[in-house]
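[1] quick one: sequence and predicted model below, then my questions.
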Amino acid sequence: MIAWWQIVLLTLYAGYQILDELQIYSSMSAPVFAGFFAGLVMGDMKVGLTIGAAMQLTVLGVGTFGGASKIDANSGTLLAVAFSVGTGMKPEQAITALAVPVAALMIYTDILARFTNTFFAHRIDKLVEDQNYSAIERNFLAGALPWSLSRMIPVGLGLALGGGFVNTIVEYINGPLKWLGDGLSVAGAVLPAVGFSILLRYLPVKKHIAYLLLGFTITSLMTTLFGSIQNIGTALAAAPKVAAGLNTFNGLSMLAIAFIGLALALIAYNHSAEMLKAAPVAAAKQANTSDEGEITDDEL
C-alpha cells in the first residue's frame, strides 16, 4: 500500500510541476521526470520510468495554443506509478486504466485554475493603476496557488482515497476480466507509438527524411548493442576483447548499413540541390555588385 509520507511527497510534487511548466522551466515537469520521481518515492524505479516514458511518448505531439488546456500527463503518471507499485498492477494496465483517464480528467481542474486565477489578475490591474508595487508582487505570487491546488487536491485525494477502489479494479482485471486486462496491456503498449505518430504528422518529415532514417537506424543499433542498463557494465568489460578482435561487430546488419548509406546520400543530394538553386541568385548578386560604379556610354 501507499504510506502517508509517500502521499505527501507525491502531492507536493504535483503542485510544483505545474509551476515549473508555466514559469520555472527546469524540465522537472516532464512526464518522464514525474515517473522518475514517483518511482524513486515508491521504491520501484523500473515501473516509474516505464510509465513515465510511455506517457512522455503519448503526449509527444500534443501542444497548446492560445492558452488552451491539455491533458495533464504528469498527474496521470504520478497516480499510475503509485498504484502500479502499491497494488501490483502491470505498468501497461496502469497506463491505460489510470494514467490516460486521469490525465484527461485533469483538463477540468486546469480550466478551473485558469478561471480562478483571473481574480488575482484583475486585482493586479487595479493595483497597477494605484502604483502599489508591493501588493502587485503579493498577488502575483498568490496567483500560483490556484495552479498548484488544481493538481495537489486531485492527486492527494486520489492517493489517499483510491487505494481500495484501485485494489478492487486490479482483482477484477486479473480475475474474471482477464481478457480486459490483456487488452489494456496491449493498448498501453501501443499508446507511445500513437503519440510518436502525432509528432511525425506535424514535423517536416519529407524534407528531412534522411535524418529520420539515420535516427531510426542508429537507435536500433544502439538498442541491439545496449539493450538494457544492466548490460552496459558487461559491454564495457568486454571492450578490450572487442578492440582486439572486432568479432562482436561481424554480425552488423547489411540492411542497417544500407539505411545509413541511403541517409548520407540523401543528405548529400539535398545539399547539392540547395547549392544549385542558390547559384543563380548568387551569380545575379555578383553581377549587380560588379556593375556598381561602372560608367556607361549614356552617362558620358
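    In hand now; what should we look at?
[2] packing partners of the helix or strand harbouring residue 137?
    Counting by DSSP states H and E, the element that carries residue 137 is helix 133-142. With contacts defined as 3 or more CB pairs under 8 Å, 6 or more residues apart in numbering; DSSP states H and E, the secondary structure elements packing on helix 133-142 are helix 100-130. (Glycine included, C-beta is placed from N, CA and C.)
[3] so what does the helix it packs on touch, helix or strand wise?
    Taking 3+ CB pairs under 8 Å, 6+ apart as the contact definition, the neighbouring helices and strands of helix 100-130 are helix 73-87, helix 133-142, helix 144-161.
[4] still on that earlier bit, show me what counts as buried in the helix holding residue 137.
    The neighbour-count check on helix 133-142 (16 or more other CB atoms under 10 Å) flags 136, 139 as buried.
[5] quick thing: my sequence starts at 28, can you match it?
    New numbering, starting at 28: the last item is helix 160-169.
[6] quick one: average confidence on that helix?
    Average pLDDT, helix 160-169: 89.
[7] and for stretch 114-128?
    pLDDT averaged over stretch 114-128 gives 84.
[8] do you know how far the spatially closest residue to residue 186 that is not a sequence neighbour is from residue 149?
    By the measure of CB to CB, 6 or more residues apart in numbering, the closest residue to residue 186 outside its immediate chain neighbours is residue 34, 4.5 Å from it. From residue 34 across to residue 149, the span is 35 Å (CB to CB, to the nearest Å).
[9] please apply the same query to residue 63.
    Look at residue 63 and residue 149: by CB to CB, they are 38 Å apart.
[10] who has more neighbours out of those two?
    More neighbours surround residue 63 than the other of residue 63 and residue 149, with 19 against 10 (other CB atoms under 10 Å).
[11] tell me which element the more buried one is part of?
    Per DSSP H and E: residue 63 is located in helix 58-69.
[12] just the CA trace of that helix, in PDB.
    The C-alpha atoms that make up helix 58-69 are tabulated as PDB, following Å, rounded to 0.1, in the frame of the first residue of the first chain:
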ATOM      1  CA  PRO A  58       6.100  13.100 -17.600                       C
ATOM      2  CA  VAL A  59       9.300  11.100 -17.700                       C
ATOM      3  CA  PHE A  60      10.600  13.000 -14.700                       C
ATOM      4  CA  ALA A  61       7.300  12.600 -13.000                       C
ATOM      5  CA  GLY A  62       7.700   8.800 -13.500                       C
ATOM      6  CA  PHE A  63      11.300   9.000 -12.200                       C
ATOM      7  CA  PHE A  64      10.300  10.900  -9.100                       C
ATOM      8  CA  ALA A  65       7.300   8.700  -8.400                       C
ATOM      9  CA  GLY A  66       9.400   5.600  -8.900                       C
ATOM     10  CA  LEU A  67      12.000   6.900  -6.500                       C
ATOM     11  CA  VAL A  68       9.400   7.700  -3.800                       C
ATOM     12  CA  MET A  69       7.600   4.400  -4.300                       C
END
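[13] any buried residues in it, and which?
    58-66, 68-69.
[14] same check on stretch 137-156?
    When neighbours are counted by 16+ other CB under 10 Å, the buried residues of stretch 137-156 are found to be 137, 140, 144, 147, 150-151, 154.
[15] and it, average pLDDT?
    Looking at stretch 137-156 alone, the average pLDDT works out to 86.
[16] again, but for stretch 82-93
    Here the average pLDDT along stretch 82-93 is 70.
[17] same thing with stretch 244-263?
    The predicted confidence, averaged over stretch 244-263, sits at 60.
[18] what's the closest of the buried residues of stretch 137-156 to residue 169?
    Closest approach between those and residue 169, by CB to CB: residue 147, at 5.6 Å.
[19] tell me who's in contact with the closest residue to that closest one other than its chain neighbours.
    For residue 147, ignoring the flanking residues on the chain, the nearest one in space by CB to CB, 6+ apart is residue 170 at 4.1 Å. Under the criterion of CB atoms under 8 Å, 6 or more residues apart in numbering, the neighbours of residue 170 are 144, 147-148.
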